[in-house]
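Colleague: structure, please.
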Amino acid sequence: MSAESGESKKAQVIPLKGNKCPICKKQASYEFRPFCSKRCADLDLGRWLDGAYRLPTNEAPGEAEAGAEDED
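Modeller: Got it, this is the predicted structure:
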């Protein structure tokens, strides 16, 4: 088996033009777009699951559900 065939089996990282990873600002890759790697994609997922991207509101938790039940 030649070195060329081993390299062709690896996943190629094809950078997207002008797109930067929102986590580390490196060049984004096609495989993990819009991120540069699985690590950055996983970090972003962790932020979503922890509620880091939550929008602040003036409502107390449960107010939206209570208002919907009163209308029935």
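
Colleague: what about residue 36, how many neighbours?
Modeller: 24 (other Cβ atoms under 10 Å). Quick note: C-beta positions are derived from backbone N, CA and C, even for glycine.

Colleague: give me phi/psi at residue 29?
Modeller: The phi/psi pair for residue 29 (degrees, to the nearest 10) reads phi -110, psi 150.

Colleague: for it, name its beta-bridge partners.
Modeller: For residue 29, the beta-bridge partners under DSSP bridges are residue 15.

Colleague: go ahead and confirm it touches residue 40.
Modeller: No. In this structure, residue 29 is not within contact of residue 40 by Cβ atoms under 8 Å, at 9.7 Å.

Colleague: mind listing the strands for this protein?
Modeller: Per DSSP state E, the chain carries strands over the ranges 15-20, 27-29.

Colleague: which strands and helices lie in contact with the last one?
Modeller: So the one you mean is strand 27-29. With contacts defined as 3 or more Cβ pairs under 8 Å, 6 or more residues apart in numbering; DSSP states H and E, the packing partners of strand 27-29 are strand 15-20.

Colleague: could you give the mean pLDDT of the strand it packs on?
Modeller: When pLDDT is averaged along strand 15-20, the result is 68.

Colleague: now swap in stretch 40-59 and tell me
Modeller: For stretch 40-59, the per-residue pLDDT averages 91.

Colleague: and the contacts of that stretch?
Modeller: Applying Cβ atoms under 8 Å, 6 or more residues apart in numbering, the contact partners of stretch 40-59 are 21, 22, 23, 24, 32, 35.

Colleague: narrow those residues to just the buried residues.
Modeller: 21, 23, 32, 35 (16 or more other Cβ atoms under 10 Å).

Colleague: in those, find the pair that's most separated.
Modeller: Spatial extent of the buried ones among the contacts of stretch 40-59 (Cβ to Cβ) is set by the pair 23 and 32 at 10.6 Å.
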